[in-house]
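J.: 3D, please:
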Amino acid sequence: MKDLYNILNGKPTVNSIIKTAAITGSGVDLAGYEGATIFVNVGTRTDSSFTFVLKESDDNSTYSAVAAGDILGSQPTVSGASNAIYQFGYIGSKRYIRADATFKAGGASAGASISALIVRGFKRHEPTH
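T.: Numbering: from 1, shown residues only. The predicted structure follows:
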């Protein structure tokens, strides 16, 4: 059986919580890893629509939006049903990435339970834990 435990390492960028305003994720350091996948978990939503935007940085201080060519799949725009998981990848060259969320309709929401996890993989030196 293949062992993913020793080749993948997840770090939260957005901790699970009910959000009612824009979210700035925490930076995740990709040093020593060759790839990353972002998982966005949307739980219960109450009249909320929002878009996740992946951002990148060289210094974990100044962030900018990731170019479309450095994203595998698509960044989620959430406006449908509750209880969904979205996945997209990062193939850029910056050291840090984070997921931010912007709520539609004036930048606020009645509430959404959301979280985002960045899973780092292809570590240059095994194991990851």
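J.: where does this structure dip in pLDDT?
T.: 1, 45-48, 80-82, 105-111, 126-129 (pLDDT under 70).
J.: quick one: the strands in it?
T.: Per DSSP state E, the chain has strands spanning 8-21, 28-29, 33-45, 50-57, 64-65, 71-72, 77-78, 84-90, 96-103, 108-123. These are given in chain order.
J.: what's the closest of the ones you listed to Lys2?
T.: Of all those, strand 8-21 sits nearest to Lys2, with 11.1 Å by Cβ to Cβ. (Glycine included, C-beta is placed from N, CA and C.)
J.: out of the strands of the chain, deepest packed?
T.: strand 96-103 (a mean of 22; mean count of other Cβ atoms under 10 Å).
J.: could you give the angle of it to strand 84-90?
T.: In terms of direction (axes from the mean of the first three to the mean of the last three Cα atoms, to 10 degrees), strand 96-103 departs from strand 84-90 by 140 degrees.
J.: hmm, back to that, same list, the strands of the chain, but as CSV with distance to Lys2 please.
T.: Shown next, in CSV, are these (distance: least, Cβ to Cβ, whole Å):
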stretch, distance to Lys2
strand 8-21, 11
strand 28-29, 24
strand 33-45, 17
strand 50-57, 28
strand 64-65, 34
strand 71-72, 21
strand 77-78, 32
strand 84-90, 19
strand 96-103, 26
strand 108-123, 13
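J.: send the alpha carbons of stretch 54-74 over as PDB?
T.: Taking C-alpha atoms only, stretch 54-74 is exported to PDB below (Å, rounded to 0.1, in the frame of the first residue of the first chain):
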ATOM      1  CA  LEU A  54      -5.000  32.400  -4.000                       C
ATOM      2  CA  LYS A  55      -2.300  34.900  -3.200                       C
ATOM      3  CA  GLU A  56       1.500  34.500  -3.300                       C
ATOM      4  CA  SER A  57       4.500  36.200  -1.700                       C
ATOM      5  CA  ASP A  58       8.300  36.000  -1.500                       C
ATOM      6  CA  ASP A  59       8.500  37.300   2.000                       C
ATOM      7  CA  ASN A  60       5.200  36.400   3.800                       C
ATOM      8  CA  SER A  61       4.400  40.100   4.000                       C
ATOM      9  CA  THR A  62       3.500  41.500   0.600                       C
ATOM     10  CA  TYR A  63       1.000  39.300  -1.300                       C
ATOM     11  CA  SER A  64      -0.400  39.500  -4.800                       C
ATOM     12  CA  ALA A  65      -3.000  37.400  -6.700                       C
ATOM     13  CA  VAL A  66      -1.600  34.300  -8.300                       C
ATOM     14  CA  ALA A  67      -1.500  34.400 -12.100                       C
ATOM     15  CA  ALA A  68      -4.100  32.100 -13.800                       C
ATOM     16  CA  GLY A  69      -1.300  30.100 -15.400                       C
ATOM     17  CA  ASP A  70       0.000  29.100 -12.000                       C
ATOM     18  CA  ILE A  71      -3.300  27.700 -10.800                       C
ATOM     19  CA  LEU A  72      -4.500  24.200 -11.600                       C
ATOM     20  CA  GLY A  73      -8.300  23.900 -11.800                       C
ATOM     21  CA  SER A  74     -10.200  27.000 -10.700                       C
END
